[in-house]
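1. What follows is a predicted protein model with its sequence.
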Amino acid sequence: MVSRGPSLPRITDVAALAGVSTSTASKALNDTGQLREETRERVRRAAEQLGFTPDSRGRALSSGRSYTVGLITTDSSGRFSIPIMLGAEDALSAGEMALVLCDTRDDPLREQHYLRSLVSRRVDGIIVTGRRTEPREPIDVPIPVVYAFSASTDPDDMSVIADDHGGAASTVRHLLSLGRRRIAHVTGPASHRSAQTRAAATVETAADALVGEPMHGEWSERWGRHAVDLLLRSESEVDAISCGSDQIARGVCDRLRELGRSVPDDIAVTGCDNWSVMALASRPPLTTVDLELEELGRRTAQLLLSAIAGTPSPGLLELPTRLITRESTLGT
């Protein structure tokens, strides 16, 4: 004879424990209908006590929603999209929603394929993000969309970005507060919006303390090392180098050490991004700017949830960054 375990709790069991009808219990758990909050809470407590899990298919049918959200990204490496996704999942999980990740690999045809697929799956909304901060053309779908990190070119769309200008300015103010008065700036390609913004903030904030023009190159440690050689040939009295990324800053630190220059005693160095792979592995660890991407993902998802509920907030939301001070400017 086969032994059977205890049967799973049903919606009727939840209704009986909460002292309501089955239809009321269903409305409370699916967040539909005109119910008092105390009734909803009583039903939720009963469901939790019994270990009842609503059937997702039934929930979707009764509410007309799929309780899923799509995330479209061009960031194949996940360097920026993964922390954004983690923050978004934190916010979405509170509403018992799932997230579907789609990597377009910067291919417009692949993006269109994923968009058609997500719409056919009846996702409730879409988050669009990428690896660069340049504004992008909006997508055309009949559901709510929020753009994260890379804003939409349509000012009426909902977009959430990091304050790159404020972040770069904070590193320069930090260097000035330490008494540094000969500050150089080494950053990424001049064609990249983030490099332009960070360079402009550095020039504006450093003012007379800036040495030469911002130096543009690739986002790499190799460029950081090469930039040090170029810089010290013409500006031997530099006492600080602010960098447009942690990768560049790590290369700068490596080359300064090879040349016998102490960081930060001789030359202080700052990065940007707070990419732990680079910032913490650098010798010494980098003072840098945290773009707070997880928080950016959370705020993006919260905006999307509000839009799905019928209360969109069109426009651009710019979130503050955070300066993280470490040994590359403070010493040991």
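-> Cool, got the structure.

2. buried set for the host helix or strand of residue 16?
-> Of the helices and strands defined by DSSP states H and E, residue 16 is found in helix 11-18. Along helix 11-18, these residues count as buried under the neighbour rule (16 or more other Cβ atoms under 10 Å): 11, 13, 14, 15, 17, 18. Heads up, the C-betas are built off the backbone N, CA and C, glycines and all.

3. Check stretch 174-188 too.
-> In stretch 174-188, residues buried by neighbour count (16+ other Cβ under 10 Å) are 174, 175, 176, 178, 180, 182, 183, 184, 185, 186, 187, 188.

4. which pair in these spans the largest distance?
-> The most widely separated members of the buried residues of stretch 174-188, counting by Cβ to Cβ, are 178 and 188 (24.6 Å).

5. returning to that earlier point: ok, the buried residues of stretch 174-188 vs residue 68, which is closest?
-> Top of the list for closeness to residue 68, among these and by Cβ to Cβ, is residue 188 at 35.6 Å.

6. How many residues are close by residue 103?
-> Taking other Cβ atoms under 10 Å as the criterion, the count of residues near residue 103 is 18.

7. bridging residues for it?
-> On DSSP bridges, the residues paired with residue 103 through beta bridges are residue 73.

8. got it, and residue 324?
-> Listed beta-bridge partners, residue 324: residue 288 (assigned using DSSP bridges).

9. residue boundaries of the helices in the stretch 51-200 of the chain?
-> Under the criterion DSSP state H, counting those that start in this stretch, helices of the stretch 51-200 of the chain are mapped to 56-63, 81-93, 108-120, 164-177, 193-206.

10. Output the lowest mean pLDDT helix or strand found in this structure.
-> Evaluated with mean pLDDT, DSSP states H and E, the helix-and-strand set of the chain has its lowest mean pLDDT in helix 56-63, which scores a mean of 52.

11. Residue 157 and residue 314 touch, don't they?
-> Yes: with contacts counted by Cβ atoms under 8 Å, residue 157 reaches residue 314, the gap being 6.6 Å.

12. Counting neighbours around each, name which of these two comes out higher.
-> Using other Cβ under 10 Å, the more surrounded residue of residue 157 and residue 314 is residue 157, with 19 against 12.

13. measure the closest residue to the more buried one other than its chain neighbours to residue 84 for me?
-> Excluding its sequence neighbours, the residue lying closest to residue 157 (Cβ to Cβ, 6 or more residues apart in numbering) is residue 138, at 5.4 Å. Here the distance between residue 138 and residue 84 works out to 18 Å (Cβ to Cβ, to the nearest Å).
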